[in-house]
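S.K.: The amino acid sequence is not available; the structure is as follows:
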């Protein structure tokens, strides 16, 4: 396997260096740049003189960084006609990004070469999805929204939230993930702590190099959400009030229980003293009656 790969590499450079022609050294340094969106078709051209016999021309294509020539398949098609050869990249993805070169030869002589065409593939973050998120835990937030982008490329982006057209500055969190294809996804969460009203419009807006106009998604507050927020508020208040009532009830119970014990103890002490006093009084009276 290693020997086969080495022989192919030697063949690759032999084609490029035939007749002392070095494409990397003598090609036009001005590379043509093509910025496209994922899913489109891209065509690269390899020019040569119009008067050449097409049946005797061999054209070789390769991508910068690879040491093998491109082969025709379901994603790449080759064509040739008077004046040039063409490489057709079909339904391009980010994986097709790179700089493509070519050389045309006739009878071992270089008759044409490309200056290099750099293909840059962008993937837009649209469509956006925005949904309302409910939480079972009590929270001061009156509304929770989540905005999710589609997979996009490159990584850089700007995401903002707006309420009735005014940008929101707080209560926002972003989470960026990488997909298995090397693309990026963003999940942005908004927690609204101010009171909400039916008909309020919340907008998630994403700026990305792939789009001239930012991608947007809107959420209009329905009446049900307002009622739910108000109901949740009363539930939280009721729970707090019930807790306070229970605490006060326990305190009052123990206070009253302590007072009852003190009263009973005092009553017992009073009862035990009365016989002693009566006995002393009876003894004193009897003594006085016995005196002459």
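M.R.: In hand now; what should we look at? Predicted, not measured: the structure shown is a model, and the values here were computed from it.
S.K.: helices or strands up against the host helix or strand of residue 188?
M.R.: According to DSSP states H and E, residue 188 maps onto strand 184-192. If contacts are counted by 3 or more C-beta pairs under 8 Å, 6 or more residues apart in numbering; DSSP states H and E, strand 184-192 sits against strand 143-148, strand 158-163, strand 172-178, strand 201-207. Yep, even glycine has a C-beta here, placed from its N, CA and C like the rest.
S.K.: Helices along the stretch 101-250 of the chain, start to end?
M.R.: Using DSSP state H, counting those that start in this stretch, the helices found in the stretch 101-250 of the chain span residues 223-290.
S.K.: can you list the domains in this protein?
M.R.: 2-122, 129-221 (automatic domain parsing).
S.K.: picking that back up, can you add mean neighbour count and mean pLDDT and give the helices and strands packed on strand 184-192 back as a markdown table?
M.R.: As requested, the helices and strands packed on strand 184-192 are exported to a markdown table (neighbours: other C-beta atoms under 10 Å; pLDDT from 0 to 100):
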| stretch | mean neighbour count | mean pLDDT |
| --- | --- | --- |
| strand 143-148 | 20 | 96 |
| strand 158-163 | 17 | 98 |
| strand 172-178 | 11 | 97 |
| strand 201-207 | 19 | 98 |
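S.K.: and residue 69, which of those is closest to it?
M.R.: strand 172-178 (31.5 Å; C-beta to C-beta).
S.K.: before we move on, the earlier item: with distance to residue 245 added, can I get the domains of the chain in CSV?
M.R.: As requested, the domains of the chain are arranged in CSV below (distance: least, C-beta to C-beta, whole Å):
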stretch, distance to residue 245
domain 2-122, 61
domain 129-221, 18
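S.K.: mean pLDDT for the ones you listed: which is lowest?
M.R.: Across these, domain 2-122 has the smallest mean pLDDT, namely a mean of 83.
S.K.: ok so, going back, contact partners of the strand holding residue 188?
M.R.: Residues outside strand 184-192 that contact it (C-beta atoms under 8 Å, 6 or more residues apart in numbering): 125, 133, 139, 141-155, 157, 159, 161, 163, 168, 171-179, 202, 204, 206.
S.K.: re the thing from before, out of the helices and strands packed on strand 184-192, which is closest to residue 78?
M.R.: Nearest to residue 78 among the helices and strands packed on strand 184-192 is strand 172-178; the distance by C-beta to C-beta comes to 33.9 Å.
S.K.: Tell me which other helices or strands the closest one touches.
M.R.: Strand 172-178 is packed against strand 184-192, with contacts defined by 3+ C-beta pairs under 8 Å, 6+ apart.
S.K.: Any buried residues in the strand it packs on, and which?
M.R.: Within strand 184-192, the residues scored as buried using 16 or more other C-beta atoms under 10 Å are 184, 186, 188-192.
S.K.: Please dump the residues you listed into a markdown table; it should also carry distance to residue 45 for every row.
M.R.: Formatted as a markdown table, the buried residues of strand 184-192 follow (distance: C-beta to C-beta, whole Å):
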| residue | distance to residue 45 |
| --- | --- |
| 184 | 32 |
| 186 | 37 |
| 188 | 42 |
| 189 | 48 |
| 190 | 49 |
| 191 | 54 |
| 192 | 54 |
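S.K.: Nearest to residue 216 among those residues?
M.R.: Using C-beta to C-beta, those come closest to residue 216 at residue 188, 12.8 Å.
S.K.: what sits opposite the closest one in the beta ladder?
M.R.: residue 147, residue 174 (DSSP bridges).
S.K.: correct me, but residue 63 touches residue 69?
M.R.: No - shown here, residue 63 and residue 69 do not form a contact pair, counting by C-beta atoms under 8 Å, at 9.6 Å.
S.K.: Mind listing the shared neighbours of these two?
M.R.: In contact with both residue 63 and residue 69: no residue, using C-beta under 8 Å, 6+ apart.
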